[in-house]
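K.L.:
make a model of this:
(4 chains)
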Number of protein chains: 2
Amino acid sequence: MLDVTLQALADPTRRAIVARLAAGESRVTELAAPFAISLNSVSKHVRMLERAKLVSRRVAGREHFISLTPGPMDEAIGWMTQQKALWAWRLGRLEEVLDHG
Amino acid sequence: MLDVTLQALADPTRRAIVARLAAGESRVTELAAPFAISLNSVSKHVRMLERAKLVSRRVAGREHFISLTPGPMDEAIGWMTQQKALWAWRLGRLEEVLDHG
DNA sequence: GCATTATTCACCCCTAGAGGTGAATATGTT
DNA sequence: AACATATTCACCTCTAGGGGTGAATAATGC
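P.N.:
Numbering: from 1, shown residues only, chains lettered A, B, ... in the order given. Model (predicted):
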């Protein structure tokens, strides 16, 4: 799923949505408000975040409440951290990564 | 540059290249060897990793030695970690992220 | 000089994605 | 019932990306 996660986060609009959701769940319309793009486009962005399981949806009447599910980010963080660790280990300075990497 | 970094890492072939480079620098041909795709395609993948500054190139004669530059991953790791932290903080369980996130 | 090796350049094809608009669906309000 | 709101569906356009092939460029080896 790393593909889907990283691709989902590669788009600035979607990262802004994620950042917004870190502050709490919100409706699609609220998510769309800050952007100059159409509500429809935001809806599609949300769908891609859903596909990446970075958000989940709670439907209450006609409103869809989107909330963050940061779990998949762990895998991405883990992969990058591991690559960095291997690289640093080969260079003989593993401490650099373990200390503040 | 988060866009470029995450997009570069979103492709499995490029992640495999990065993983290979964590073990040490290597030539484009060596990088291409494990893949079923053409050398040309691998060359393009390397170019995208270069654009993301995840790798750098040292030209020695006709050989191009590619090596990992994991710096940009810090920014990506930092962004995700921060989002997770904000989210967890709002939920009142910051320790979850600080301990093993 | 000539052939071989390493890599890129210049194209082509095809799909995915980001944007749009207008209609459909579903719920809420009066 | 009639209207308004929230969201998605269905389509269109355009560009970027991943794949390919064949030629060009550059360096090595003979």
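
K.L.:
can you name every helix or strand that the lengthiest helix in chain A contacts?
P.N.:
The residue-count maximum for a helix in chain A (DSSP state H) belongs to helix A:71-90. Contact partners of helix A:71-90 among helices and strands, from 3 or more C-beta pairs under 8 Å, 6 or more residues apart in numbering or on different chains; DSSP states H and E: helix A:2-9, helix A:94-100, helix B:12-22, helix B:71-90. All C-beta spots, glycine's among them, are computed from the backbone N, C-alpha and C.

K.L.:
and residue B:42, which of those helices is closest to it?
P.N.:
helix B:12-22 (7.4 Å; C-beta to C-beta).

K.L.:
tell me if stretch A:1-10 is near chain B.
P.N.:
Yes - using C-beta under 8 Å from any C-beta of the partner chain, we find that stretch A:1-10 touches chain B at A:2-3, A:6-7, A:9-10.

K.L.:
among those, who's most crowded?
P.N.:
Among the residues of stretch A:1-10 next to chain B, the one with the most neighbours (other C-beta atoms under 10 Å in any protein chain shown) is residue A:9, at 29 neighbours.

K.L.:
how about residue A:19, nearest residue that isn't a chain neighbour?
P.N.:
Nearest residue to residue A:19, sequence neighbours excluded (C-beta to C-beta, 6 or more residues apart in numbering or on different chains): residue B:83, at 6.3 Å.

K.L.:
the one you found contacts residue A:71, correct?
P.N.:
No - Residue B:83 lies out of contact with residue A:71 (C-beta atoms under 8 Å); the separation is 11.9 Å.

K.L.:
more neighbours, the two?
P.N.:
With neighbours defined as other C-beta under 10 Å, residue B:83 and residue A:71 compare such that residue B:83 has more, 21 against 11.

K.L.:
near DNA strand D, which residues of chain A? Just list them.
P.N.:
Contact residues, chain A versus DNA strand D (C-beta under 7 Å from any atom of the strand): A:27-30, A:39-40, A:43, A:46-47, A:57, A:62-65.

K.L.:
please identify which two of the residues you listed are farthest apart in space.
P.N.:
Farthest apart among the residues of chain A next to DNA strand D by C-beta to C-beta are A:40 and A:65. That separation is 18.6 Å.

K.L.:
more neighbours: which of the two?
P.N.:
Using other C-beta under 10 Å as the criterion, residue A:40 and residue A:65 rank with residue A:65 on top: 15 against 10.

K.L.:
near the nearest residue to that one once chain neighbours are set aside, how many other residues are there?
P.N.:
Spatial nearest neighbour of residue A:65, excluding adjacent residues (C-beta to C-beta, 6+ apart): residue A:58 at 4.4 Å. For residue A:58, the neighbour count with other C-beta under 10 Å is 10.

K.L.:
would you say residue A:58 is within a helix?
P.N.:
No - according to DSSP: H, G, I helix; E, B strand; the rest coil, residue A:58 belongs to no helix; its state is strand.

K.L.:
distance check, it against residue A:84.
P.N.:
36 Å (C-beta to C-beta, to the nearest Å).

K.L.:
could you report the pLDDT at residue A:91?
P.N.:
pLDDT recorded at residue A:91 is 87.

K.L.:
same question, residue A:101
P.N.:
Looking at residue A:101, the pLDDT reads 53.
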